[in-house]
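J.: need a structure here:
(one chain, ligands or ions: 1)
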Amino acid sequence: MDDFLWWRDGVIYQVYPRSFADSNGDGFGDLRGITARLDYIKSLGVDGIWLSPIYPSPDKDFGYDVGDHTAIDPRHGTLEEFDTLVAEAHKRGIRIILDMVLNHTSDQHPWFVESRSSREDPKRDWYLWKDKPNNWASVFGGSGWVYDEATGQYYFHMFLKEQPDVNWQNSEVRQAQLDIFRFWLERGVDGFRLDVFNAYFKHPGLEDNPTKFGLRRFDRQIHVNDMDRPEMMPLLGELRSLLDSYPERYSVGEPFIPTPEKTASYAGKGKLHTAFHFFHIDTDLMPKWSADHFRRQMLDLGKATGDNYLPALAMSNHDITRAASRFCRGEDDANARIAMALLMTLRGTPFIYYGEEVGMRDISLSRSEIMDPPGKYYWPVFKGRDGCRSPMQWDNSANAGFSTGKPWLKIHPNYMERNVSAQENDANSMLNFTRRLIALRKEHRALRDGGIIFLEPPQKDLLAYLRLSPEQTILVALNFSSKTRTLDLPPGDWQPLLSTIKHDAKISDNIELAPHEVCLLKSS
Ligand code: NOJ
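T.: Numbers count the residues shown, from 1 in each chain. Alright, predicted model coming up:
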């Protein structure tokens, strides 16, 4: 694996720090908790950890409203504990990726406090101020503009009113933001996940967006003036040069309102290393579980990315209903296994969301329990993102082994059966299935950066594709249906690599797939 690049060929594990492991019993996950679980993370076979924000934050958007980009929230720990986490992770060959939230700050951030203090303040222009609002909206609901009594102007916020957008067109802002990267690079951080990076730049004259039909106010606009601005391209180049001036550093962008084409224009040589592709994106309100859905998405994505970069793939994260809750009925993991197999074998770099490896489900909350602001605003159409953020289910002890204190968010009642410890001891568990898939990826180059060819299966509920490298060809066959399906195999000497139903004999002309079977075959 000479040319193995951790950020391209590896597997990344997303940790939502407040929900992962609590070392001091305050019910809130912390850095020491994560450090204590590094051996577990290593045992999965992953190469890097993406930490959702760990900075001081008034917590209006659960850490995504940053009060200081170069410090650690005391509830998570200290900078020294962060250094220990990085050092211990590196000892185990695990890289650390930080979440960079640079489109906006908290309204408590010293920059904004200064900016709002007077129209003459030197930092006034660090945010977007206007005498009269334009038509831009907040994605979390309502107008994007808030009137500030003290100075008689409006400021813009794409997200919460407590998250004012910074003015990236200002050169001092740009320098200050790049200095944040430098601060963490010098501390040994390996990479950055860029929160809504394509919204950084706004139209210099803050012009209205054109309008269109849509349900929410935010959707009734074509977002050409409040995001995806051409001014962003030179910044991506500058950022890439900065990262390239350190060895093996990395950036992954979170595109906001993405299309494969738009996203692809931001990644590749001289730009970001990669950007996310989310499989849920066109199915938020109506989850789709179909072979054809994944096939079409990957074909479109492949057309857009070409060979320019390997996309970052995610089935779950802290913003969306967990894959297992979207795709499975009750506690049956058959579809979660198919989803995990897709994640590990499609062409891209997989991101696993903590707990996905044991098939964690979303918790359900009553209206009064909802904490997430967009959930409160849009209820009952959208119930917020708390559901996918519940504490990690480590074992069947009190609070699922997450904390000795009262967890900040409730734990899924299924934790007594569904937890890491129970699955460790079960060879056929979702956890060990995930480990096997990750190990197969490591062993087989075709699964990492090989090409992909989708086969034409006889039925639509069967998904089959080849992953190819000069050394080997791997066939992935996934039966989405509850019926047996037969797939004709391309000519070759096919050996089973993995099957959820145990195909261990040699297979030749065709293969009969059991309901919901995942099967990987290899021909060399
Ligand atoms: C995207 C993040 O993933 C989400 O959690 C957050 O609310 C918004 N960006 C605003 O930072």
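J.: tell me, how many residues neighbour the residue of the stretch 1-150 of the chain found nearest the ligand?
T.: Residue nearest to the ligand within the stretch 1-150 of the chain (Cβ to the nearest ligand atom): Tyr64, separated by 3.5 Å. Any C-beta I mention is one placed from the backbone N, CA and C, and that applies to glycine too. By the criterion of other Cβ atoms under 10 Å, Tyr64 has 23 neighbours.
J.: how near is the residue nearest the centre of the chain to the ligand?
T.: By Cα atoms, centre = their mean, the chain has its centre lying nearest to Asn317, at 4.8 Å. Per Cβ to the nearest ligand atom, to the nearest Å, Asn317 is found 7 Å from the ligand.
J.: go on, Ser499?
T.: In terms of Cβ to the nearest ligand atom, Ser499 sits 36 Å off from the ligand.
J.: pretty sure Gly290 contacts Asp461?
T.: For residue 290 the amino acid is Ser, not Gly. Yes: using Cβ atoms under 8 Å, Ser290 makes contact with Asp461 at a distance of 7.2 Å.
J.: first-to-last residue distance for stretch 12-26?
T.: End-to-end distance of stretch 12-26: 28 Å, with Cα to Cα, to the nearest Å as the criterion.
J.: typed the wrong thing, it's stretch 34-47
T.: Start-to-end, stretch 34-47 (Cα to Cα) is 15 Å.
J.: buried residues, that stretch. List them.
T.: Ile34, Thr35, Arg37, Leu38, Ile41, Lys42, Leu44, Gly45, Val46, Asp47 (16 or more other Cβ atoms under 10 Å).
J.: what sits in contact with each of Ser290 and Asp461?
T.: Here Ser290 and Asp461 have Phe480 as joint contacts, going by Cβ atoms under 8 Å, 6 or more residues apart in numbering.
J.: my read: Arg124 touches Trp111, true?
T.: No: with contact defined as Cβ under 8 Å, Arg124 does not reach Trp111; the gap is 10.7 Å.
J.: who in this structure is up against the ligand?
T.: Within the chain, the residues that sit near the ligand (Cβ under 6 Å from any ligand atom) are Asp61, Tyr64, Val101, Phe159, Asp195, Val196, Glu254, His318, Asp319.
J.: let's verify the residue lying closest to Glu512 once chain neighbours are set aside: helix, strand, or coil?
T.: Excluding the flanking residues, the one nearest Glu512 by Cβ to Cβ, 6 or more residues apart in numbering is Thr486, at 5.2 Å. The assignment at Thr486 comes out as strand when based on DSSP: H, G, I helix; E, B strand; the rest coil.
J.: how many neighbouring residues does Thr486 have?
T.: That count, for Thr486 with other Cβ under 10 Å as the rule, works out to 14.
J.: dihedrals phi and psi, the residue in the stretch 301-450 of the chain that the ligand sits nearest to?
T.: Nearest to the ligand, among the residues of the stretch 301-450 of the chain, is Asp319, at 4.7 Å (Cβ to the nearest ligand atom). Backbone torsions for Asp319, taken as degrees, to the nearest 10, come to phi -110, psi -10.
J.: if anything else comes up later, I'll come back, but that's it for now.
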